[in-house]
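**Q** take a look and give me a structure for this.
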Amino acid sequence: MNLFKRLLLYILTAFAAADAILNYACFRIGYVQIDHELFNGFCYMLLGIMFLNAAFLLFCSIFYTKKKTKPHLAIKIIFIFNALLTFLFTVVNYVTLDLAKGEATLILFMNALPLIIAVVAVPFLLFAFPKIEAKKRTVIAVILCTVFAASILSSVFKVFPLEFKFESQPLVLDIGTGDYSVVWSTNADSVGYLEYTYAGEDYIVYSIDEGNKKAGRVHSAIVPREHLENNAYSVHSSKVLDLLPYGGLLGKTIDSKTYNFKGARDGGADINIQSYSDWHQLTDLLLQTSSYLDKADLVLLMGDYADYYVSEQQVINNVLLGGGLVTNSEVPAIFVKGNHETRSDGLFKLWQSLGIDRMYYQVERGPYMFTVLDTGEGDSDDFWEQGPYNAFEQYMAIETEWFNSLPDNNGLYNIVLLHNRSYSPYSDFNEIYRQKLLDMDVKLTVSGHSHAMRLTYERTNAYYMLEDGGRNSAEGNVSILDLILGSKKRNIENFKRLFANVQYYFASQITFSGNDVIFLGYDNLGNVLLDKTKDKYPVIVDPCDMCEDCDPSCADCEKCAPDPDAITDPTDPEYEDPCEKCPGCAMHDPKPTPAE
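**A** Model prediction:
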């Protein structure tokens, strides 16, 4: 076999092995969707074919690259077939990686990269390296030894990254215990602490884990709320070089700037609240939208900060970085978990690192009581997409019991924060939830999940429901699964979205001023999507009494009768709000149905 054929065989072998590893490491998170559309086990069968393909080509590389060894005709035919398979698998993997372009996919790829390099390097060292000219072999050997030595040094001593720095500025969370959790992160393992002065005394508060200074990238210092209100603070981190059961070694210490925390506003019941949900790692659009909102006294983080989580880095990039920037580390935030925050291994420990013990709790701020609920996955436990690991019915039974045990009359303005406004796929829980809203005299619920900007009025219980917005999935955001699984008609739209690459993000603002509550919504281009002023204390009324020209039945009234051909998308430039015709009419402001 001549040199060209040998090199071609080595290259095909390397690509075939890399294809199998890349597919398993990066793309098996989507196996469940493809298997659901085709048949169970299809993707793992395809993965097995990839590994068999790589094994056959490795066999050929070992036994059929010698000068005297000639393969049989059958082997040649199988080889051609396997070469075509390798080309096909490589193209599929490349297209998948290019279209996905997701943060999680990139992290999975980087995690798999050392193994891919090793698989490519082994055939090279065994078969190609000995045949290289001596001088070139020396240069290659020096490079490989240098890389190998650096890898050993990095694994034994935590040298890299060489530049130690903060990756996110502090995010101050009101965790409902009378304390703030100040959370920040670094680009390498470190120990962290917070410094401030209160009542003439200097305080140092460490990020700890059961009495030990926590060595990690995400740090949380728990501070009494009154200590931080209208006070200055700074955070500090020391790089971990060696962590041992006894002893250890710390490196460089970095110091943040001093932040002037504003905390509770001295305006009594007047307060301005910003609400953000469902930015799905589009932090840049989140910040663009944030620039159009008025300065906040409180920020609501309403869930679905990324599509799913495969590493702590995504918590840093999407929760901490985005949250720290929109609050500017100067106003508190309340954290709500979304359904996408359930999709990860070991995520519970990451939320603990935020200083939050559980994902349902209450936060009292002045005359307002915020009740935070965890709406879980949003699907029943046997839903095919979630796999065999869900037990949310059991989890939400405990949460619902807690929610139902809360006092009915606390004398405060009650606001419920939940990611999915339909609360639970289990009907019994929803009945308890709806009744409890009435018993608690809730005036407002804020939710996300639907990726829409809507304000509706639950007249029978007299409370407002704000759906906060989020990433607009009507344009852009095309995944490989959209293109593989979509119908012909749907894929025409998918390809349009793919090449248009248009992205939008919506966020809202809630301002309590006197006896009014003002709801505003903006997108990242500054377009106003919502502008409503309502009575702070809604009342139960007969909507037909609010429209003088209506027939008492409201059935035949032109003002109230909905137009079946009307544009219903509020983001459409030609959209007309039907409620402007007849404010308060039940036909134009109906009782909402649960979001899909």
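**Q** looking at the protein, which helix or strand does the model trust least?
**A** None of the helices or strands of the chain scores lower by mean pLDDT, DSSP states H and E than helix 480-485, at a mean of 48.
**Q** chain center to stretch 512-521, what's the gap?
**A** 29 Å (Cα atoms, centre = their mean, to the nearest Å).
**Q** got the contact list for it?
**A** Residues outside stretch 512-521 that contact it (Cβ atoms under 8 Å, 6 or more residues apart in numbering): 269-273, 293, 368, 444, 453, 455, 464, 466, 469, 506-511, 528-537. Every residue, glycine included, has its C-beta placed from N, CA and C.
**Q** same thing with stretch 206-218?
**A** 167, 183-193, 219-221, 240, 243, 312, 315-316, 320, 350, 353-354.
**Q** what's the end-to-end length of that stretch?
**A** End-to-end distance for stretch 206-218, by Cα to Cα, to the nearest Å: 12 Å.
**Q** can you check stretch 417-435 too?
**A** In stretch 417-435, first residue to last residue: 16 Å (Cα to Cα).
**Q** so how far is that stretch from its chain's centroid?
**A** 22 Å.
**Q** and if you look at stretch 38-57?
**A** That offset, for stretch 38-57, works out to 31 Å (Cα atoms, centre = their mean).
**Q** and if you look at stretch 450-470?
**A** 22 Å.
**Q** one step back: buried subset of the contacts of stretch 512-521?
**A** Burial by neighbour count, 16 or more other Cβ atoms under 10 Å: within the contacts of stretch 512-521 this picks out 271-273, 293, 368, 444, 453, 455, 464, 466, 469, 506-511, 529-530, 536.
**Q** follow-up on the earlier one: restricted to strands, list the contacts of stretch 206-218.
**A** 167, 183-193, 219-221, 240, 243 (DSSP state E).
**Q** got a PyMOL select line for the buried ones in the residues you listed?
**A** Selection of the buried residues among the ones in strands among the contacts of stretch 206-218 in PyMOL, burial being defined by 16+ other Cβ under 10 Å:
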select buried, resi 167+183+184+185+186+187+188+190+191+192+193+219+220+221+240
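**Q** just to revisit the earlier point, which of the contacts of stretch 512-521 fall within strands?
**A** Using DSSP E, the subset of the contacts of stretch 512-521 located in strands is 271-273, 368, 444, 453, 455, 464, 466, 469, 506-511, 528-535.
**Q** any idea which residue is closest to the centre of the protein?
**A** Geometric centre of the chain, nearest residue: residue 306, 1.7 Å, by Cα atoms, centre = their mean.
**Q** pretty sure that one contacts residue 314?
**A** Yes. Here residue 306 reaches residue 314: they are 5.1 Å apart, a contact under Cβ atoms under 8 Å.
**Q** okay, and the common contacts of those two?
**A** Common neighbours of residue 306 and residue 314, using Cβ under 8 Å, 6+ apart, are 103, 104, 281.
**Q** what is the nearest of those to residue 78?
**A** The closest of those to residue 78 turns out to be residue 104 (Cβ to Cβ; 36.5 Å).
**Q** separation between that closest one and residue 258?
**A** Residue 104 sits 35 Å away from residue 258, going by Cβ to Cβ, to the nearest Å.
**Q** what about those two, which has more around it?
**A** residue 104 (21 against 11; other Cβ atoms under 10 Å).
**Q** which one is the more buried one nearest to, not counting chain neighbours?
**A** In this structure, residue 104 finds its nearest non-sequential neighbour in residue 310, 4.8 Å apart by Cβ to Cβ, 6 or more residues apart in numbering.
**Q** list the contacts of the one you found.
**A** Applying Cβ under 8 Å, 6+ apart to residue 310 gives the contacts 29, 104, 107, 108, 111, 344, 345.
**Q** list only buried entries from those.
**A** Applying 16+ other Cβ under 10 Å to these flags 29, 104, 107, 108, 344 as buried.
**Q** the fourth one: helix or strand, and which one exactly?
**A** In this assignment (DSSP states H and E), residue 108 forms part of helix 103-123.
**Q** could you give the angle of the next helix or strand after that helix to helix 103-123?
**A** Proceeding N to C from helix 103-123, the next assigned helix or strand is helix 134-156, under DSSP H and E. Using axes from the mean of the first three to the mean of the last three Cα atoms, to 10 degrees, the direction of helix 134-156 lies 140 degrees away from that of helix 103-123.
**Q** I'd like the mean pLDDT over the helix ranked longest in the chain, please.
**A** Counting residues, the longest helix found in the chain (DSSP state H) is helix 73-100. Across helix 73-100, pLDDT averages out at 77.
**Q** now stretch 515-522
**A** On average, the pLDDT along stretch 515-522 is 95.
**Q** list the buried residues for it?
**A** Residues of stretch 515-522 classed as buried by neighbour count (16+ other Cβ under 10 Å): 517, 518, 519, 520, 521, 522.
**Q** make a markdown table out of those residues and add secondary structure and distance to residue 400.
**A** Formatted as a markdown table, these follow (DSSP: H, G, I helix; E, B strand; the rest coil; distance: Cβ to Cβ, whole Å):
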| residue | secondary structure | distance to residue 400 |
| --- | --- | --- |
| 517 | strand | 28 |
| 518 | strand | 32 |
| 519 | strand | 28 |
| 520 | strand | 33 |
| 521 | strand | 30 |
| 522 | strand | 35 |
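**Q** nice, that's everything, thank you.
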